[in-house]
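Undergrad: Here you go, sequence then predicted model.
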Amino acid sequence: MHEWLVELVALIVPWTELVGILIVLWGAVEGLIKLLLRFRSVFDKAIQPLPISRIRLAIGEKIALGLDFFLAGDIIQTIIIPSWQSLAILGGIVVIRTIIAFFLNRDIKEFAAEHVQ
């Protein structure tokens with residue numbers, strides 16, 4: 001049974017990580033497009049420029065979501081095939097994800113406070 005689970009994890013984890021990569025790329029592409037549109041709005045006075053904070057939030061949300069998929073893949077792998085290396089990677093991702101979530105939530109609150117007034 002354990003060997004079957006190891007084979008299943010070997011199939012699932014790369015796909016989970018691929019989803020995470022695609023989501024992070026989505027955020028990068030979306031951020032780049034929004035940044036280019038912001039630059040365009042500088043030359044076209046009729047278009048209201050998109051705030052940089054909105055662009056950062058869009059990218060940050062995708063990065064956080066992508067890290068959730070990386071975290072899920074590493075948790076699955078660590079449960080089935082535990083090693084010190086996989087635990088260290090898992091811990092690193094958790095720390096990065098926690099820091100990003102903290103600053104992302106702070107930015108969301110600041111952005112909301114700016115637009116309520």
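TA: Here it is on my side, so go on. All values reported here derive from a predicted model rather than from experimental measurement.

Undergrad: where does the protein have low pLDDT?
TA: By pLDDT under 70, the weakly predicted segments of the chain are 46, 112, 115-117.

Undergrad: all helices for it, in order.
TA: 2-43, 52-80, 84-116 (DSSP state H).

Undergrad: If you tally nearby residues, what's the number for Lys109?
TA: Counted with other C-beta atoms under 10 Å, the neighbours of Lys109 add up to 10. (C-beta placed from N, C-alpha, C; glycine too.)

Undergrad: thinking again about what came up before, mean neighbour count, the helices of the chain: which tops it?
TA: helix 52-80 (a mean of 18; mean count of other C-beta atoms under 10 Å).

Undergrad: elements contacting that one?
TA: When contacts are defined as 3 or more C-beta pairs under 8 Å, 6 or more residues apart in numbering; DSSP states H and E, helix 52-80 sits against helix 2-43, helix 84-116.

Undergrad: I'd like those helices written out as TSV, with distance to Lys62 added.
TA: Listed next are those as TSV, based on distance: least, C-beta to C-beta, whole Å:
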stretch	distance to Lys62
helix 2-43	2
helix 84-116	10
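
Undergrad: Now for the most centrally placed residue in the chain: which residues touch it?
TA: Nearest to the mean C-alpha position of the chain, by C-alpha atoms, centre = their mean, lies Ile63 at 1.6 Å. When contacts are counted by C-beta atoms under 8 Å, 6 or more residues apart in numbering, Ile63 touches 24, 27, 100.

Undergrad: Repeat the analysis, applying 6 Å as the threshold.
TA: Ile63 makes contact with 24, 27, according to C-beta atoms under 6 Å, 6 or more residues apart in numbering.

Undergrad: Phe111 now?
TA: Ser53.

Undergrad: any idea how far Leu65 is from it?
TA: Distance of Phe111 to Leu65, given as C-beta to C-beta, to the nearest Å: 18 Å.

Undergrad: before we move on, back to that, which stretch among the helices and strands packed on helix 52-80 comes nearest Leu57?
TA: When the helices and strands packed on helix 52-80 are compared by C-beta to C-beta, helix 84-116 sits nearest Leu57, at 5.9 Å.

Undergrad: which one is Asn53 nearest to, not counting chain neighbours?
TA: Not quite, residue 53 is Ser, not Asn. Phe111 (5.0 Å; C-beta to C-beta, 6 or more residues apart in numbering).
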